[in-house]
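[1] predicted coordinates and the sequence they were generated for:
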Amino acid sequence: MHKFLAIALTMFLSIAHFNVNACTSFLITRGASADGTTMITYAADAHWIYGELYFRPAAIHPPGTMYDVRHWHHGRPMGQIRQAAQTYQVVGNMNEHGLAISETTFGGRPELHGERVIDRGGTAIIDYGNLIYITLQRARNARQAIRIIHELTTEWGYASSGESFSIMDANEVWHMELMGMGVENPVVRNRRNGIVWVAKRIPDGYIGGHANHARITTFPVAPNRPGRNATVITCRNINMLETTPSIEVIYAHDVVQYARDIGIFNGTRAEFSFSDVYAPLDFGSQRFCEARVWAGFRRANRELMEPFEAYARGDVPGPRMPLFIRPDRPLTLADVKGMMRDLYEGTSMCMAQDGDVGAGPWGMPYRPRPMRWTVCESGEGQVFVHERAISTQQTAFSFVAQGRPQQPVLVGGRPNPLRGILWFGVDATSTTVWVPMYAGINEVPLHFRVGNGNKVEFSETSAFWLMNLVSNFAWLRWRDMIVDIRRVQQQLEEGFRQRVAENDRNWADITDHALLVRRATAFSAEQTQIMFDTWTLLQRYLLIKFVDGNIAREVIRDANAPFPYDREFKIFPYSERYGSQVIQYPPYHPRFPDWFYQQIVDQIGSRIQWIDHD
């Protein structure tokens, strides 16, 4: 027994460590956005994932067709499930109807992880990644997606650990949390192979968020016989979900009883908290996970969130933050992007503060892994942490999915290709550029296309590798280089936003669906090419400007012109000489910050001190 507990604890800690390196998602309702759109965000933060844009075409399947499920992480064959008669087109994490789903993994109790179902001879087939993408191929809206998630996992089993899902269509945003049912307990062996779960609709005018820890706590009890205006139901009445707009909460009928049966909860129904029972809070889940939600919420309502900083740091165990908050202003698309680029600036957890030797002299806001570390490589002694900000270096791809209710639902009798936009980018969110991918495009642009490079193969036409060339170079002199990166980044993204608005005006009267798809596809490809060409110029510009630790002097030509036409490097006005006819003006040789010089003196000052020999 003691050996089993030790193994379980070791697995839990290792899984928790993996999860805190994972993802972040925020949820924005129509009433909380400045333009009346819905939005969810996502950053796929894993060191082994390549940044590319997935694409699945729509299809009609004959009766009896089976679908081969391969694990989203490693490609392992998981089994077959029945294919739907019709599947919808999916671009990244958004389908042709404007439905989008993102996730963050919270892990939870290790004895309930779906992976164990397989390891112990179980038959669970669908992991969390396939659960998302299969659902996107089958559902038209958020409520239908919740039903399909329940049906898929009930019939075919769930092969992953605990997940938080953000589910969005053009009208609603839902926060869903789910946990596998495991095979550790004799009671479990006699139960279904699926999930226990809760889903809550984010109230209009509010925003939500999750970052690798379960956040749904208590929720109301559903009546045995819900009426036509019900607000809470269980999965036994799941068919009401799509026909009863008043429903705000739905949960697995046995989510509480199951916890009692396996001995992890013995309180009253009013005391039951999904998060506290299935994914107990600890210091790591506060400091590495809840802190990111706090940082994003803080950007939306600083006054409301400031009192929760001690909780986010893990200094105190509570009170916990609310599941959703009302922002202090309507949030723009740029505001939401800013949430995803947060690096704890202006907080006690900022990693770029003066005096932090880990940041180096140029304010590097990232840290290498592991995040838990000791002074001795043996692991003995006191444990310390590197912060885990929303923006992190290992992001493969990220997006802001935007549902646009102002757009018609149908064009020419088919889903409007403009009703959803996936603002898509690769590499770290702080240095990426999010490019508009209409949900109805029928081809992925070359620079984001699957097969254009991979994590062990460089491609000169890959946006992922180009972005990494810029971001990794910027680490050498972050405080200076990020100024230029953000300047160009903002110019590009604002230009994309304006051109999307122009499309809304210019394409408003098009009723030919095929024509609109062609225009949307061409537009997304053109904007991707603009991004790629501009970022290529930026990479060269940064190398010239910061070569050899110098900073080249510049002359502003036109502050209102776009990069690279706004400035030029300063050169001498004459050129009568041997060799190159262009002579650079002497560059700056910037000092280290005073505190960094003091660090050098404190450590090795005695052997580098200047001595005057009179």
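    Now that the structure is in, tell me what you want to look at.

[2] I'd assumed residue 398 was in a helix, is it?
    No. Inclusion of residue 398 in a helix is not indicated when DSSP: H, G, I helix; E, B strand; the rest coil is applied; the result is strand.

[3] pretty sure it is touching residue 42, no?
    Yes. Here residue 398 reaches residue 42: they are 6.1 Å apart, a contact under Cβ atoms under 8 Å. Placement of C-beta: from N, CA and C, glycine included.

[4] now the strands for the stretch 501-614 of the chain?
    Assigned by DSSP state E, counting those that start in this stretch, the strands in the stretch 501-614 of the chain fall at 554-556, 567-569.

[5] which residues of this protein score low on pLDDT?
    Scanning the chain for pLDDT under 70 picks out the ranges 1-21, 115-122, 183-192, 575-579.

[6] quick one, domains of it?
    Per the record, the chain has its domains at 2-27+41-280, 424-454+462-546, by automatic domain parsing.

[7] any chance of the ones you listed in TSV, plus mean neighbour count and distance to residue 385?
    Formatted as TSV, the entries for the domains of the chain read as follows, by neighbours: other Cβ atoms under 10 Å; distance: least, Cβ to Cβ, whole Å:
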stretch	mean neighbour count	distance to residue 385
domain 2-27+41-280	20	10
domain 424-454+462-546	19	20
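
[8] still on that earlier bit, which of the strands of the stretch 501-614 of the chain is buried the deepest?
    Comparing the strands of the stretch 501-614 of the chain on average neighbours per residue, with mean count of other Cβ atoms under 10 Å, the densest one is strand 567-569 at a mean of 15.

[9] partners of that strand in the sheet?
    For strand 567-569, the paired strands and their directions (DSSP bridges) read strand 554-556 (antiparallel).

[10] show residues contacting the strand it pairs with.
    The list of residues contacting strand 554-556 from outside it, by Cβ atoms under 8 Å, 6 or more residues apart in numbering, reads 545, 566-570.

[11] which two of those residues lie the greatest distance from each other?
    Comparing every pair within the contacts of strand 554-556 by Cβ to Cβ identifies 566 and 570 as the most remote, at 14.2 Å.

[12] just the strands from the stretch 251-400 of the chain, written as ranges.
    Counting by DSSP E, counting those that start in this stretch, the stretch 251-400 of the chain has strands at residues 324-325, 372-373, 384-385, 395-403.

[13] most packed of the ones you listed?
    Across those, the average number of neighbours (mean count of other Cβ under 10 Å) peaks for strand 395-403, which reaches a mean of 27.

[14] ok so, going back, just put the strands of the stretch 501-614 of the chain in JSON lines and tack on distance to residue 48.
    Supplementary listing: those in JSON lines, determined by distance: least, Cβ to Cβ, whole Å:
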{"stretch": "strand 554-556", "distance to residue 48": "39"}
{"stretch": "strand 567-569", "distance to residue 48": "39"}
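
[15] what's the closest of the ones you listed to residue 435?
    For the strands of the stretch 501-614 of the chain, the distance to residue 435 is smallest for strand 567-569, at 24.3 Å, taking Cβ to Cβ.

[16] how far off centre is that closest one?
    Here strand 567-569 is found 36 Å from its chain centre; the criterion is Cα atoms, centre = their mean, to the nearest Å.

[17] for burial, what's the neighbour tally of residue 34?
    Using other Cβ atoms under 10 Å, the number of residues around residue 34 comes to 15.

[18] as JSON lines, the domains of the chain with distance to residue 331 would be great.
    As requested, those are arranged in JSON lines below (distance: least, Cβ to Cβ, whole Å):
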{"stretch": "domain 2-27+41-280", "distance to residue 331": "7"}
{"stretch": "domain 424-454+462-546", "distance to residue 331": "14"}
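
[19] if we can go back for a sec, out of the strands of the stretch 501-614 of the chain, nearest to residue 54?
    Distances from residue 54 to each of the strands of the stretch 501-614 of the chain were compared by Cβ to Cβ, and the smallest falls on strand 567-569, at 38.2 Å.

[20] contacts for that closest one, please.
    With contacts defined as Cβ under 8 Å, 6+ apart, strand 567-569 is touched by 544-545, 552-557, 584-585.

[21] mind redoing it with 6 Å?
    552, 554-557 (Cβ atoms under 6 Å, 6 or more residues apart in numbering).

[22] cool, and stretch 466-480?
    The set of residues that contact stretch 466-480 without belonging to it, under Cβ under 6 Å, 6+ apart, is 362-364, 426-428, 431-432, 481, 535, 539, 546.

[23] distance to residue 154 added to the contacts of strand 554-556, as TSV?
    Written out in TSV, the entries for the contacts of strand 554-556 read as follows (distance: Cβ to Cβ, whole Å):
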residue	distance to residue 154
545	58
566	58
567	60
568	64
569	64
570	68
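
[24] among these, which one lies nearest to residue 175?
    Once Cβ to Cβ is applied, the member of the contacts of strand 554-556 that ends up nearest residue 175 is residue 566, at 42.5 Å.

[25] picking up where we left off before, tell me which of the domains of the chain sits nearest to residue 315.
    Within the domains of the chain, the stretch nearest residue 315 is domain 2-27+41-280; the backing value is 16.6 Å (Cβ to Cβ).

[26] report the longest helix in this structure, please.
    What stands out as the longest helix in the chain, according to DSSP state H, is helix 513-546.

[27] chain center to it: distance?
    With Cα atoms, centre = their mean as the basis, the distance from the averaged C-alpha position of helix 513-546 to the chain average is 22 Å.

[28] which other helices and strands does it contact?
    Using 3 or more Cβ pairs under 6 Å, 6 or more residues apart in numbering; DSSP states H and E as the contact criterion, the neighbours of helix 513-546 among helices and strands are strand 435-438, helix 463-474, helix 478-506.

[29] which stretch among those comes nearest residue 329?
    The closest of the helices and strands packed on helix 513-546 to residue 329 is helix 478-506. By Cβ to Cβ, the value is 18.1 Å.
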